[in-house]
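Colleague: Attaching a predicted model along with its sequence, questions to come.
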Amino acid sequence: MLESLTIMAGAPAAGGNLLTSIILPFGAMAAIMYFLLIRPQQQQRKKHQDMLANLSKGDMVVTSGGLIGKIVKLDDKEAKIDLGATEVRVYRNMIVDLYNKDAAAANSNKKEG
């Protein structure tokens, strides 16, 4: 019975045990979360802000609602977009991407051929 108690008791806790068993895994998880989630999102946000800053009159854009049109007028906060039959005002931040009509036509031709 004495032998089983000594086996269950194990070795005495060392001073570095707390560091290796609790703090180090949480630090590793935080680093992984940063490089897999936070950093790519920051880069994507910076790319979007650069795209919004470089918008100009005549650019074809796509809004977050899926509307595709040409920019007619730009203000600090708003953009006026010509959709063909009508013009709409949208917040500048709601412009998701530039729409390249030539690249879209080339992709559809590749799919057909």
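Modeller: All right, it came through fine.
Colleague: check contacts around the residue nearest to Ser64 when sequence neighbours are not counted.
Modeller: Of all residues not flanking Ser64 in the chain, Met94 sits nearest, at 4.8 Å (C-beta to C-beta, 6 or more residues apart in numbering). Bear in mind the C-beta positions are built from the backbone N, C-alpha and C, glycine included. Counting by C-beta atoms under 8 Å, 6 or more residues apart in numbering, Met94 touches 63-65.
Colleague: Need the pLDDT of Met94.
Modeller: pLDDT, Met94: 95.
Colleague: Tell me how far it lies from Val62.
Modeller: Applying C-beta to C-beta, to the nearest Å, the value for Met94 to Val62 is 10 Å.
Colleague: repeat for Met51
Modeller: Counting by C-beta to C-beta - Met51 and Val62 are separated by 11 Å.
Colleague: Mind listing the shared neighbours of those two?
Modeller: Joint contacts of Met51 and Val62 (C-beta under 8 Å, 6+ apart) are 95, 97-98.
Colleague: Of those residues, which belong to strands?
Modeller: Among the shared contacts of Met51 and Val62, the residues falling in strands (DSSP state E) are 95, 97-98.
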